[in-house]
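> Provide a 3D model corresponding to the input given below.
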Amino acid sequence: MSKYILVTSGVCSSLGKGVASSAIASLLESSGLKVAMMKCDPYINVDAGNISPYQHGEVYVTEDGAETDLDLGNFSRFTNINLTNENCISIGKVYENVIKNERAGRYNGRTVQVIPHITDEIKRCIRHLGTTSGADVVIVEIGGTVGDIEAVPYLEASRQFAREMGKENVVSIHLTLIPVITGGELKSKPTQNSVKQLQQVGIQPDILICRCEAPVEESLKKKIGLFCNVSAESVFVSPDVEKSIYELPVIFHEQNLDSKILNKLKIMNRTTDVHQWTDFLNKLNHPESKVTIALVGKKDYLDNCYKSVQESLFHASVTGNNAELTIKKIDAETLEKTNDIDSFFKDTDGIVIPGSYGQRGFLGLLKAVTYARENKIPYLGIDLGMQLMAIETARNLCNWEDADTTEFMSNSTHPVISLPEEQQGPSDGVMKLGSSAVKIVEDSKLYSIYNSSLITERHRSKYAFDRHYTKDMNDHGLYISAMSASDNQTEAFEWQNHPWGIGVQYHPEFISKPAKPHPLFNSFILAAINCNKK
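Numbering: from 1, shown residues only. Okay, the predicted model is just below:
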């Protein structure tokens, strides 16, 4: 039977609960345990697919095509878990399941209520993951903050679940904040109040993890333990890291957090090996070269909305090429309003345009593509970044001024990018989601990167290159180097007579890990470093 760790947080949002949960999962994996993870989101959306990235950051896509919270990206990068739709639930999905059961008459005429029906469904999802995964330990991150009305069903379900499973099978971890006020004094009152709110719903935390920008002395830990009804030895600190979130597993291990969790779950005779993280940090702290990458996107998107892309660049720089990475974030809207484009890309060694939605900043993105092509700067385009290569070639080299995507211009006379059904080709008319096979042309740069003619990559796309324009692109130096195995839609472009210019329709960033960078990002960073040396 699986054992469970329930992770909650208080005081304020964005404390790093997903990262802390992922770091704990990594430590348990490093002790030889099989781990599963689940994110319980409080929003009423059925999934994250339709939520604006302004509000919720990137949508992380699992292998089976689930559109999930960005925390699952952290789950994937820190662990070896194969994430699926079952690893993320929202309260909207829970209500949807309950309503379907009610319509099917499965409640035998009883009035359907939050307790027991909603809470029972939440508990069922948690138990189901434990059963199907065969995990020794299941870590469940409860989204939101204690005190939020949206989190109430999850907290009540957690209370019931812990009582039903027994103390030796469930550990409650509460992440909270210790702020530093004027004069450098650390204040524990927000933590005390947060734990009291948790206790009021019937949950007594077993372990506290305190986020703080300064070291926490033992005397303060004892005070927190006294007022929060936990031992001082169960109070741990999650400090601000110096360079990378991948420092956190080592920091937790040095505080013996993994040992405390294993003891509380009565899992004995385990030794945690954190060498993969210490090796990574050693490379991080002793780089042999430097590389600067321009990330061009929409101003409001440039942080969490491109999280997986930034992390993948980081993995490829540190592990793949032993280089110190600097990401220069460039706002596409600002770029489209200037004629001095050189100043934006001064001292940059490579340019990345990740996937994006909406027409805002479109001309600025096109300028960046043109600049990379004309100045022979290594370029990586993902999703829209790949489609822009075709639009830029059509406008600037084929001289089709209105060439566009029908996503932005429905009446274009040269719609080089459009919906597959608009191209009168085979299509099921829905967004392509999840993993699918890609065929690579053998004499391409892409083939030399993967060293394979058939790969599997994750997708999240609806629009595609219209193959009627293939000859026009080829005649002007833009070659198709990969196609979808299922319908032969274009999956990748390459610039001829360019040191490194590749665009891909799929999303390689979703499968990159610190110890195993994605080969496409590895090759791109290497090309950027070589560009730097010239």
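> For the closest residue to residue 53 other than its chain neighbours, list the residues it contacts.
What sits nearest to residue 53 in space, not counting adjacent residues and going by CB to CB, 6 or more residues apart in numbering, is residue 305, at 4.2 Å. C-betas here are computed from N, CA, C, even on glycine. Residues near residue 305 by CB atoms under 8 Å, 6 or more residues apart in numbering: 53, 54, 57, 58, 297, 298.
> Of those, which is the nearest to residue 77?
Here the nearest of these to residue 77, counting by CB to CB, is residue 58; it sits at 12.7 Å.
> now the closest one, what's its secondary structure?
coil (DSSP: H, G, I helix; E, B strand; the rest coil).
> and it, what does it touch?
By CB under 8 Å, 6+ apart, the contact set of residue 58 is 70, 73, 304, 305, 306, 307, 308.
> where's the residue nearest to residue 53 relative to residue 290, distance?
If you measure residue 305 against residue 290 using CB to CB, to the nearest Å, the figure is 26 Å.
> So residue 227 sits against residue 194, correct?
No - with contacts counted by CB atoms under 8 Å, residue 227 stays clear of residue 194, the gap being 11.2 Å.
> Could you export the contacts of residue 58 as JSON lines, including distance to residue 457, pLDDT and secondary structure?
Output for the contacts of residue 58, formatted as JSON lines (distance: CB to CB, whole Å; pLDDT from 0 to 100; DSSP: H, G, I helix; E, B strand; the rest coil):
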{"residue": "70", "distance to residue 457": "19", "pLDDT": "91", "secondary structure": "coil"}
{"residue": "73", "distance to residue 457": "16", "pLDDT": "95", "secondary structure": "helix"}
{"residue": "304", "distance to residue 457": "22", "pLDDT": "82", "secondary structure": "helix"}
{"residue": "305", "distance to residue 457": "20", "pLDDT": "87", "secondary structure": "helix"}
{"residue": "306", "distance to residue 457": "18", "pLDDT": "92", "secondary structure": "helix"}
{"residue": "307", "distance to residue 457": "18", "pLDDT": "93", "secondary structure": "helix"}
{"residue": "308", "distance to residue 457": "13", "pLDDT": "96", "secondary structure": "helix"}
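> would you turn those residues into a markdown table with distance to residue 393?
Listed next are the contacts of residue 58 as a markdown table, based on distance: CB to CB, whole Å:
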| residue | distance to residue 393 |
| --- | --- |
| 70 | 33 |
| 73 | 32 |
| 304 | 32 |
| 305 | 27 |
| 306 | 24 |
| 307 | 30 |
| 308 | 27 |
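> Do you have the strands of the stretch 151-300 of the chain handy? List them.
Counting by DSSP state E, counting those that start in this stretch, one finds strands in the stretch 151-300 of the chain at the ranges 170-177, 207-212, 235-239, 289-297.
> From the contact counts, what lies against the second one?
So the one you mean is strand 207-212. When contacts are defined as 3 or more CB pairs under 8 Å, 6 or more residues apart in numbering; DSSP states H and E, strand 207-212 sits against strand 170-177, helix 189-200, helix 218-228, strand 235-239, helix 257-264.
> can you tell me the average pLDDT over the longest one?
Same thing as helix 189-200. If you average the pLDDT over helix 189-200, you get 95.
> how distant is it from the center of its chain?
From the chain centre to the centre of helix 189-200 is a distance of 30 Å (CA atoms, centre = their mean, to the nearest Å).
> So which elements touch that helix?
Counting contacts by 3+ CB pairs under 8 Å, 6+ apart, helix 189-200 packs against strand 170-177, strand 207-212, helix 218-228.
> Show me the helices in the stretch 351-500 of the chain, by range?
Under the criterion DSSP state H, counting those that start in this stretch, helices of the stretch 351-500 of the chain are mapped to 362-374, 384-396, 445-450, 470-475.
> From residue 291, how far out is the spatially closest residue to residue 159 that is not a sequence neighbour?
Counting by CB to CB, 6+ apart, the nearest residue to residue 159 once its immediate chain neighbours are dropped is residue 202, at 4.2 Å. The span separating residue 202 from residue 291 equals 52 Å under the rule CB to CB.
> do residue 460 as well
Using CB to CB, residue 460 is found at 27 Å from residue 291.
> try residue 527
From residue 527 to residue 291 the distance is 10 Å (CB to CB).
> now do residue 153
From residue 153 over to residue 291 (counting by CB to CB), the distance is 47 Å.
> repeat for residue 207
To residue 291, residue 207 is 39 Å away according to CB to CB.
> Now the nearest residue to residue 177 once chain neighbours are set aside. Its backbone dihedrals?
Nearest residue to residue 177, sequence neighbours excluded (CB to CB, 6+ apart): residue 11, at 4.1 Å. Dihedral pair for residue 11: phi 80, psi -60, per degrees, to the nearest 10.
> lowest-pLDDT helix or strand in the protein?
One helix or strand of the chain scores below all others by mean pLDDT, DSSP states H and E: helix 53-56, with a mean of 79.
> Heading C-terminal from that one, find the next helix or strand.
Per DSSP states H and E, the first helix or strand lying C-terminal to helix 53-56 is strand 60-61.
> could you give the mean pLDDT of that next one?
The predicted model gives strand 60-61 an average pLDDT of 96.
> Note down every partner strand of that strand and its orientation.
Strands adjacent to strand 60-61 in the sheet, as given by DSSP bridges, are strand 67-68 (antiparallel).
> what's the partner strand in contact with?
The contact list for strand 67-68, computed with CB under 8 Å, 6+ apart, reads 39, 47-49, 59-62, 83, 85, 87-88, 433, 460.
> Looking at those, which one is closest to residue 497?
Looking across these and measuring by CB to CB, the closest to residue 497 is residue 460, at 31.1 Å.
> dump the residue contacts of the closest one.
Residues near residue 460 by CB under 8 Å, 6+ apart: 59, 61, 67, 355, 383, 431, 432, 433, 507.
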